[in-house]
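Enquirer: compute the structure for the input listed below.
(chains A and B)
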Amino acid sequence: MKVRTRVAPSPTGDPHVGTAYIALFNYCFAKKHGGDFILRIEDTDQERSTAESEQQILNSLRWTGLTWDEGPDVGGPHGPYRQSERASLYSEHAQVLLDKGEAFRCFCTADRLNDLRKEQMSSGAGKLGYDGHCLSLSPEEINRHLEAETPHVVRLKIPQEGVCQVTDMLRGEIDIAWSEVDMQVLLKSDGLPTYHLANVVDDHHMQISHVIRGEEWINSAPKHIRLYEAFGWSPPQLCHLPLLRNPDKSKLSKRKNPTSIHYYQKIGILPEALLNYLGRMAWSMPDEEEKFSVEQMIKHFDLDRISLGGPIFDTEKLTWLNGRWIREDHDIEQLSERLMEWALNPETLRSILPMLQPRLDRLSDIGRFTGYFLSGHLEITADQLAHKKLTPEQVNQAIVWTMWRLDELKSWSSEAISDALRECAVELELKPRDFFAPLYPAITGMKSATPLFDTIGVLGRDLVRARLRDASKLLGGVSKKGEVRWKKAYELGRKQRLEALNTEEN
RNA sequence: GUCCCCAUCGUCUAGCCUGGCCUAGGACGUCAGACUUUCACUCUGGUAACACGGGUUCAAAUCCCGUUGGGGACGCCA
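Expert: Numbering: from 1, shown residues only, chains lettered A, B, ... in the order given. The predicted structure follows:
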């Protein structure tokens, strides 16, 4: 059987380095065995998925240099490769399970489920999950609900007892008692599938032979195995990779560490260096060589060389490795080409020049304005952030509010940024000009610079977040205690904002 | 809380499966020095780890058990 692997990102935010990491291992495994590597977009979450995010993921993954044999942009024999375009396939399969008696309809309301969860939490019973309420509904009751068009979901039936044996390519047999497995929702009330159903149906139809994914999926593997069994399909081999971590060992997250591929591109990391570094996460060359290309990685790739401790994503070593790629693999001609490819090109210039033109008296003035567009982190001092009307605490608060509020933003347009930040100023009861003042040095390193919202827009989410975090740290950062208090105040503002939004809509 | 996974320098890791060659190797960082008009690069040297306790064995970083620690999962998110 041909080896076929896939990476299946969900377009709900910035393209994540974790996606590139998983993609890299899937790619290497497939290519090592002469197989195919597939890209599939898992956009069944209507609430959070955006076309913008999908495009960025595609762009970022392309930028790394990884190529896929099948995908939404390149097509292939098993398409479509976007789950939102396969909706009927999933509902048909849900029906099959219903007919086979492997799944059941559940008419429980969100309220009942919430209460149930609360009760389970507080009773400290340990076991959480659906209580099987709708399992015993009579055919008449079900029909009555269906006729009344009561919103409902389809859930997977789970064996009452016994254990599920999950075979992991790295860990061997893992036993998980069926009693620990929840009766997972397969089809949501909007008719779209959850990850579990869509994933299994697609992996089967796309003939995926090996599922290489993050460790966070181990606990739901029994659900997937159950689904394969229920359909009468043979499951793929499972392989769970250790998770990339923050320096504090928690799962890599943007709140603690820049996670977007775009950020690393922006600060001038070479794609081959990023992939090289990602390849060093949990994996090593047989001769322990640190610097290697994807081709070399494929040549020596072996799942046995994966170490299971979760690696911390260390930007310092990435930077060192990147330096080696710059120095050892480029002559001056090639380097100048890389630089032009990166940012010294008309396209980049065109994106910032509209803001610059009114400020240029001499062409050479470009120098002091482009610095902060081309830099990664800024070297600023605490007194650059000082403001005559605000206390350092207030300045810090303005910066932190900006950071939090920007994180909530769905669209990264300067209008959206402008609206969001103006709201922050109102919430903090500061005049806009006072509120914005410290943001200039924090984000640009200068007291006055190009228009704030456009600048933030061009710099991008992760870089802006990183600079704001740097600035906040300069002012003492957010202490554990302060975080709680500020978060409360921030949430209050957020709540009022949402309420205002709702009354507007009504 | 319940379940699952994991455990070698501060960090990435080699060694572990197939016990002895391990007084545990390499790399990042850091410190010291050399080179260089400065800086950087480069080079040399130093620093620093088998989580703990029990077993098995002539012999354990390597195998087994327990403890501790870390992480993950417990959504009509993926």
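
Enquirer: where does the prediction get shaky in chain A?
Expert: When residues are selected by pLDDT under 70, those of chain A lie in A:121-126, A:479-481, A:497-506.

Enquirer: can you show me the strands along it?
Expert: A:4-7, A:36-39, A:103-106, A:153-156, A:163-168, A:172-177, A:185-187, A:210-214, A:237-241 (DSSP state E).

Enquirer: ranking those by burial, who's on top?
Expert: Most buried of the strands of chain A, by mean neighbour count (mean count of other C-beta atoms under 10 Å): strand A:4-7, with a mean of 26. In this view, the C-beta of every residue, glycine as well, is placed from N, C-alpha and C.

Enquirer: make sure A:Arg155 is actually in contact with A:Val181.
Expert: No. The criterion here is C-beta atoms under 8 Å, and A:Arg155 misses it with A:Val181 at 11.8 Å.

Enquirer: ok, back up a step: now the strands of chain A in CSV, with distance to RNA strand B?
Expert: Shown next, in CSV, are the strands of chain A (distance: least, C-beta to the nearest atom of the strand, whole Å):
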stretch, distance to RNA strand B
strand A:4-7, 11
strand A:36-39, 13
strand A:103-106, 7
strand A:153-156, 5
strand A:163-168, 7
strand A:172-177, 4
strand A:185-187, 4
strand A:210-214, 8
strand A:237-241, 7
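
Enquirer: turn those strands into CSV, columns for distance to A:Arg48.
Expert: Converted to CSV, the strands of chain A look like this (distance: least, C-beta to C-beta, whole Å):
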stretch, distance to A:Arg48
strand A:4-7, 19
strand A:36-39, 19
strand A:103-106, 23
strand A:153-156, 18
strand A:163-168, 28
strand A:172-177, 28
strand A:185-187, 17
strand A:210-214, 18
strand A:237-241, 24
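
Enquirer: which outside residues touch stretch A:193-209?
Expert: Outside of stretch A:193-209, the residues within contact range by C-beta atoms under 8 Å, 6 or more residues apart in numbering are A:1-6, A:8, A:35, A:38, A:40, A:42, A:44, A:70, A:78, A:83, A:86-87, A:89-91, A:93-94, A:156, A:184-188, A:211, A:220, A:223-224, A:227-228, A:231, A:233, A:236-237.

Enquirer: for those residues, which ChimeraX command selects only the ones that are buried?
Expert: If you want just the buried ones from the contacts of stretch A:193-209 in ChimeraX, going by 16 or more other C-beta atoms under 10 Å, the selection is:
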select /A:3,4,5,6,8,35,38,40,42,44,70,78,83,86,89,90,91,93,94,156,184,185,186,187,188,211,220,223,224,227,231,236
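
Enquirer: now, which of the contacts of stretch A:193-209 lie within helices?
Expert: In this view, these that belong to helices under DSSP state H are A:87, A:89-91, A:93-94, A:223-224, A:227-228, A:231.

Enquirer: nearest to RNA strand B among those residues?
Expert: A:Lys223 (9.3 Å; C-beta to the nearest atom of the strand).

Enquirer: picking that back up, need the ones in helices among the contacts of stretch A:193-209 in TSV (columns: distance to A:Arg117).
Expert: Formatted as TSV, the ones in helices among the contacts of stretch A:193-209 follow (distance: C-beta to C-beta, whole Å):
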residue	distance to A:Arg117
A:Ala87	28
A:Leu89	31
A:Tyr90	26
A:Ser91	27
A:His93	28
A:Ala94	24
A:Lys223	18
A:His224	23
A:Leu227	24
A:Tyr228	28
A:Phe231	29
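
Enquirer: closest one to A:Ser293 out of those, please.
Expert: The shortest approach to A:Ser293 among the ones in helices among the contacts of stretch A:193-209 belongs to A:His224, at 33.7 Å (C-beta to C-beta).

Enquirer: the closest one touches A:Phe231, doesn't it?
Expert: No. Between A:His224 and A:Phe231 there is no contact under C-beta under 8 Å: 10.9 Å.

Enquirer: if I look at A:Gly75, how far off is A:Asp69?
Expert: 10 Å (C-beta to C-beta, to the nearest Å).

Enquirer: A:Gln265 contacts A:Trp63, correct?
Expert: Yes. The pair A:Gln265 / A:Trp63 is scored as a contact, 6.0 Å apart, by C-beta under 8 Å.

Enquirer: these two: who's more crowded?
Expert: A:Gln265 (21 against 16; other C-beta atoms under 10 Å).

Enquirer: report the contact partners of the more buried one.
Expert: Counted by C-beta under 8 Å, 6+ apart, A:Gln265 has contacts A:60, A:63, A:271, A:342.

Enquirer: next one: the residue nearest to the second one when sequence neighbours are not counted from RNA strand B, what distance?
Expert: Pointing back at A:Trp63 there. Excluding the flanking residues, the one nearest A:Trp63 by C-beta to C-beta, 6 or more residues apart in numbering is A:Pro271, at 5.6 Å. Taking C-beta to the nearest atom of the strand, to the nearest Å as the measure, A:Pro271 falls 19 Å from RNA strand B.

Enquirer: now do the contacts for A:Pro271.
Expert: A:Pro271 neighbours (C-beta under 8 Å, 6+ apart): A:63-65, A:265.

Enquirer: for A:His78, same thing?
Expert: With C-beta under 8 Å, 6+ apart, A:His78 has these contacts: A:38, A:70, A:205-207.

Enquirer: let's see that with 7 Å instead.
Expert: A:His78 is in contact with A:70, A:205-207, counting by C-beta atoms under 7 Å, 6 or more residues apart in numbering.

Enquirer: can you tell me which residues in the stretch 201-350 of chain A are near RNA strand B?
Expert: Within the stretch 201-350 of chain A, the positions adjacent to RNA strand B are A:215-220, A:242-243, A:245, A:248-251, A:280-284, A:288, A:290, A:304-305, A:307-312, A:314, A:316-317, A:320, A:323-324, A:327 by C-beta under 7 Å from any atom of the strand.

Enquirer: switch the cut-off to 6 Å
Expert: A:215-216, A:218-220, A:243, A:249-251, A:280-282, A:284, A:288, A:290, A:305, A:307-312, A:314, A:316-317, A:320, A:327 (C-beta under 6 Å from any atom of the strand).

Enquirer: so for A:Gly75 and A:Asp69, which residue has more residues nearby?
Expert: Using other C-beta under 10 Å, the more surrounded residue of A:Gly75 and A:Asp69 is A:Asp69, with 16 against 11.

Enquirer: picking up where we left off before, farthest pair within the contacts of A:Gln265?
Expert: Of all pairs drawn from the contacts of A:Gln265, the widest gap by C-beta to C-beta lies between A:Ser60 and A:Trp342 and measures 14.4 Å.

Enquirer: please say which of those two ends up with more neighbours.
Expert: Counted by other C-beta under 10 Å, A:Ser60 and A:Trp342 do not tie: A:Ser60 has more neighbours, with 24 against 15.

Enquirer: residues touching that one, list them.
Expert: A:15, A:261-262.

Enquirer: can you rerun that using 8 Å?
Expert: A:15, A:20, A:260-262, A:265.

Enquirer: contact residues of the stretch 1-150 of chain A facing RNA strand B?
Expert: Checking the stretch 1-150 of chain A against RNA strand B by C-beta under 6 Å from any atom of the strand, the hits are A:10, A:42, A:44-45, A:48, A:110, A:117, A:124, A:126-129.

Enquirer: considering these, which possesses the most neighbours?
Expert: A:Thr44 (22 neighbours).

Enquirer: rewinding a little: quick one: which of the contacts of A:Gln265 is nearest RNA strand B?
Expert: A:Ser60 (15.9 Å).

Enquirer: near A:Ala273, how many residues? Count them for me, please.
Expert: Residues near A:Ala273, counting by other C-beta under 10 Å: 22.
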